[in-house]
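**Student:** model this:
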Amino acid sequence: MSGEAMEPASAVGPGEAAVDDAPERPLGEATADDAAARELAEHNALADVFDDVRAQSAQSALVEPTRWPEIGLVPGHLDAEEFEMLVYEYLEDERAAEAQAEVAAAPVYRTATRAVGVPRAFGGAARTEAEDGGSADAEVKDAEEASAGAADAEATVCGEASFDPAAADATGDAAKGAPSAAEAVAAGETVKDAPPAAAPPEGDDPFAGLELPPGYRLVEMEGEFVLVPDEEAGPVERVVDCSGIVALVGAHSYYLYDRTAMTDAYAHWAFLAAEDDNVVTFVDCVREDSRVYPRPLAASSLGNPPFNLAQDVVAQTWDIVRESGAYPDIQQTTASNGDVYYFSTEHLSPAYAASLAEWDAVERKMHL
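**Tutor:** Sure thing, here's the model as predicted:
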């Protein structure tokens with residue numbers, strides 16, 4: 001086989017250089033652009049996450065990180081776990097910055113290191129006769145200087161030029177400060193010769209000076225101009241607002257809610273329900289009702305959202321709590337109509353708990 005056959009075929013003729021369809025950018029520039037694009041994607045994903053948290057809190061639901069891959073909020077260059085940590089670390093950094101700002105803005109109170117304005121009769125420093133004499137002389141000198149200053153000011157006011165009609169008639173001259181006739185005519189000609197204010201050009205875009213939000217454009221629809229998303233525009237950096245967002249850390253993950261749309265108490269109950277530990281939920285709710293209100297907890301109340309526990313599940317949980325011996329303060333009482341209540345002896349006595357249970361189950365309804 002000849003040497004010519006061994007050479008690879010080429011579509012480029014002699015003396016011609018190979019040309020790529022798309023010119024390559026410098027490596028450093030391409031890397032910087034990619035890093036900026038990833039940073040923008042993460043930034044906007046954080047904004048989407050916190051907006052979704054607000055929307056879910058308005059629906060009385062906590063947000064778990066497992067939701068974000070399902071609705072497509074995780075950037076393409078991150079996996080679900082990396083994005084979960086990114087959101088949590090961002091919140092922690094923001095809370096730390098807020099705490100530092102509060103400390104810096106806190107008022108600083110200082111205490112006096114010496115007596116201020118203490119009368120002599122109550123321990124004020126005694127003044128010597130020389131000091132008293134010097135102070136008297138200083139006071140007399142200050143009074144004389146003040147009187148002299150007032151006289152100078154009065155003389156200056158009286159010496160100012162003023163317009164005297166009699167003097168103007170005698171001399172034929174205008175008073176100082178009054179414009180002459182020639183000056184008035186010249187001023188009038190200047191104003192007359194001044195060009196008129198430029199009128200706005202006709203036919204120009206009436207929205208030429210309007211600043212549109214990034215990523216939007218004006219479109220005329222049915223005789224009115226409206227803002228619509230610009231499909232041809234590139235990604236726009238959004239505002240990340242995590243104010244009011246709270247994280248509750250559980251056994252395996254964390255949960256987010258918006259404090260302005262969901263109360264802390266309900267968020268705590270939803271957190272217990274999401275952790276799916278019936279014993280912890282039961283004990284926590286019983287102790288909270290006994291401590292806060294105070295009142296025994298009706299067994300039927302655990303069937304409401306966010307717990308949604310069936311009555312047989314509540315009864316089984318009570319058996320576990322009682323048999324475990326780990327919660328000796330949790331007790332049960334029953335009203336005369338058979339309604340079951342639970343309470344904590346750390347905050348309610350058995351007699352008081354029974355009385356409150358009877359009122360809630362029987363007597364309260366008699367007074368409605």
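
**Student:** For residue 233, give its distance to residue 213.
**Tutor:** 11 Å (CB to CB, to the nearest Å). The C-beta positions use only the backbone N, C-alpha and C, and glycine is treated the same way.

**Student:** can you check residue 225 too?
**Tutor:** Applying CB to CB to residue 225 and residue 213 gives a distance of 14 Å.

**Student:** can you map out the strands along the protein?
**Tutor:** Secondary structure of the chain (DSSP state E): strands at 216-221, 224-229, 245-249, 254-258, 297-298, 330-334, 340-344.

**Student:** The shortest one packs against which elements?
**Tutor:** So the one you mean is strand 297-298. helix 278-292, strand 340-344 (3 or more CB pairs under 8 Å, 6 or more residues apart in numbering; DSSP states H and E).

**Student:** nearest to residue 319, of those?
**Tutor:** helix 278-292 (10.6 Å; CB to CB).

**Student:** What are the contacting residues of that closest one?
**Tutor:** Contact with helix 278-292 is made by 269, 272-273, 275, 295-297, 302, 307, 309, 313-314, 317-318, 320-321, 324, 327, 329-330, 342-344, 346-348, 353, as judged by CB atoms under 8 Å, 6 or more residues apart in numbering.

**Student:** hmm, 7 Å instead?
**Tutor:** 272-273, 295-297, 302, 307, 309, 313, 317, 320-321, 327, 330, 342-344, 347-348 (CB atoms under 7 Å, 6 or more residues apart in numbering).

**Student:** Convert the C-alpha atoms of it to PDB, please.
**Tutor:** The C-alpha trace of helix 278-292 is given here as PDB (Å, rounded to 0.1, in the frame of the first residue of the first chain):
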ATOM      1  CA  ASN A 278     -47.900   9.600  67.900                       C
ATOM      2  CA  VAL A 279     -46.500   9.200  71.400                       C
ATOM      3  CA  VAL A 280     -44.500  12.500  71.200                       C
ATOM      4  CA  THR A 281     -47.400  14.300  69.700                       C
ATOM      5  CA  PHE A 282     -49.800  13.000  72.300                       C
ATOM      6  CA  VAL A 283     -47.700  13.900  75.300                       C
ATOM      7  CA  ASP A 284     -46.700  17.300  73.900                       C
ATOM      8  CA  CYS A 285     -50.300  18.300  73.200                       C
ATOM      9  CA  VAL A 286     -51.600  17.200  76.600                       C
ATOM     10  CA  ARG A 287     -48.900  19.100  78.500                       C
ATOM     11  CA  GLU A 288     -49.300  22.200  76.300                       C
ATOM     12  CA  ASP A 289     -53.100  22.400  77.000                       C
ATOM     13  CA  SER A 290     -52.600  21.800  80.700                       C
ATOM     14  CA  ARG A 291     -49.800  24.500  80.900                       C
ATOM     15  CA  VAL A 292     -51.100  27.200  78.600                       C
END
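
**Student:** on that earlier part again, buried deepest among the strands of the chain, which one?
**Tutor:** Among the strands of the chain, strand 340-344 has the highest mean neighbour count (mean count of other CB atoms under 10 Å), at a mean of 24.

**Student:** That one - what's its average pLDDT?
**Tutor:** Averaging pLDDT along strand 340-344 gives 98.

**Student:** export it as PDB, just CAs?
**Tutor:** This file holds the C-alpha atoms of strand 340-344, laid out as PDB (Å, rounded to 0.1, in the frame of the first residue of the first chain):
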ATOM      1  CA  VAL A 340     -62.500  11.200  77.600                       C
ATOM      2  CA  TYR A 341     -59.900  13.900  78.500                       C
ATOM      3  CA  TYR A 342     -56.200  13.800  79.300                       C
ATOM      4  CA  PHE A 343     -54.100  16.200  81.500                       C
ATOM      5  CA  SER A 344     -50.700  16.700  83.100                       C
END
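
**Student:** what's it packed up against?
**Tutor:** With contacts taken as 3 or more CB pairs under 7 Å, 6 or more residues apart in numbering; DSSP states H and E, strand 340-344 sits against helix 278-292, strand 297-298, strand 330-334.

**Student:** Of the ones you listed, which is nearest residue 252?
**Tutor:** helix 278-292 (13.9 Å).

**Student:** just to revisit the earlier point, mark which of the contacts of helix 278-292 are buried, thanks.
**Tutor:** Buried members of the contacts of helix 278-292, counted by 16 or more other CB atoms under 10 Å: 272-273, 295-297, 302, 307, 309, 317, 321, 327, 330, 342-344, 347-348.

**Student:** Apart from its neighbours in sequence, what residue is nearest residue 302?
**Tutor:** residue 309 (4.5 Å; CB to CB, 6 or more residues apart in numbering).

**Student:** right, I mislabeled it, should have said residue 83
**Tutor:** Residue 83 sits nearest to residue 74 (CB to CB, 6+ apart), 4.6 Å away.

**Student:** Just give the number of residues close to the one you found.
**Tutor:** 22 (other CB atoms under 10 Å).

**Student:** do the same with the one 4 residues further on
**Tutor:** Residues lying near residue 78 (other CB under 10 Å) number 16.

**Student:** circling back to that earlier point, please tell me how far the residue nearest to residue 302 sits from residue 297.
**Tutor:** For residue 309, the distance to residue 297 - CB to CB - is 12 Å.
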